[in-house]
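Trainee: Pasting the sequence and the predicted coordinates here, then a few questions.
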Amino acid sequence: LVDANLRGADLRYADLEDRFITINCIGSRKDGLTYNFNKDKVWCGCFTGNLEEFRNKVNETHKNNEKYLNEYLFAIEYIEKIR
């Protein structure tokens, strides 16, 4: 929605109840991680799943790379603390 002009948008029936967080420039791809608190859903690169599935994937994928493993695990810990 970069440069989107929503001034005239009718959002009366839009579902705006979900709470999200996005953490940018993270991991080996310096990509974004988005988490939906209401649905316990993570989107990060080609991964989509819940937070526990994401933790398992991170531990598997980055078990030999402490830098990226720690970045992702810290993000997961942060999300858990503010849930």
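Mentor: Noted; the coordinates are in hand.
Trainee: quick one: the residue nearest the centre of the chain from Glu17, how far?
Mentor: Residue closest to the average C-alpha location in the chain (Cα atoms, centre = their mean): Thr34, at 2.1 Å. Distance check for Thr34 against Glu17: by Cβ to Cβ, to the nearest Å, it reads 16 Å. For the C-beta atoms, the positions are set from N, CA and C on the backbone; glycine is no exception.
Trainee: ditto for Leu73
Mentor: For Leu73 relative to Glu17 (Cβ to Cβ), the value is 29 Å.
Trainee: does Tyr35 have beta-bridge partners, and which?
Mentor: Ile21, Val42 (DSSP bridges).
Trainee: since we're on it, how many residues are nearby?
Mentor: Applying the criterion other Cβ atoms under 10 Å, we find 24 residues in the vicinity of Tyr35.
Trainee: tell me the contacts of it?
Mentor: 20-22, 41-43, 51, 79 (Cβ atoms under 8 Å, 6 or more residues apart in numbering).
Trainee: out of those residues, which are buried?
Mentor: 41-43, 51, 79 (16 or more other Cβ atoms under 10 Å).
Trainee: quick one: which two of those residues are the most distant?
Mentor: Trp43 and Ile79 (12.7 Å; Cβ to Cβ).
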